[in-house]
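Visitor: Fold the following for me, if possible:
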Amino acid sequence: MVLYVRVFFSTNAHLNAHFTLREGFTVAGTCKICGKGKLSGNQVSHSNNKTKKMSKPNLQSIKAVGPHGSHVRMQVCTRCIRSGKVTKVS
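Guide: Presented below is the predicted three-dimensional model:
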C-alpha cells in the first residue's frame, strides 16, 4: 500500500497578519480558523436501537479585518469569535 502526502501552502498570505487560516482544502461546514467541523455518532435509544446523528458547529458568516484595513468574509465558529482569534469589522 502506498500513501501519498500532500503539502499545502497558504495562498492567503495577506490574511496571516491578524489570524491564521487552516491549511488545505476548504470544506463546507467547517470553521476557517480552527477547522472545527461536523461530528457524527450514534443516537442510542432505551431499547438500544442505534440511529446516526450529526452535530454541527455554530458557524457565523462574518466580515473580519485583514491587514491594511481590508475586509474578508468568512465562516467562523462562535468560539473563535468569542476568544478573540478573529477581529470583526465594527
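
Visitor: tell me the helices in this structure, going along the chain?
Guide: Along the chain, the segments classed as helices by DSSP state H run 78-83.

Visitor: Find the nearest non-adjacent residue to the residue nearest the centre of it, please.
Guide: Per CA atoms, centre = their mean, the C-alpha nearest to the average position across the chain is that of Cys31, at 1.3 Å. Closest residue to Cys31 apart from its sequence neighbours, by CB to CB, 6 or more residues apart in numbering: Cys77 at 4.0 Å. The way it works is simple: take the backbone N, C-alpha and C, and place the C-beta from them, glycine included.

Visitor: OK, contacts around the one you found?
Guide: Cys77 makes contact with 31, 33-34, 36, 57-60, according to CB atoms under 8 Å, 6 or more residues apart in numbering.

Visitor: Tell me the most packed of the residues you listed, by neighbour count.
Guide: Cys31 (24 neighbours; other CB atoms under 10 Å).

Visitor: Got phi/psi on that one?
Guide: Note on Cys31: backbone dihedrals following degrees, to the nearest 10 are phi -70, psi 140.
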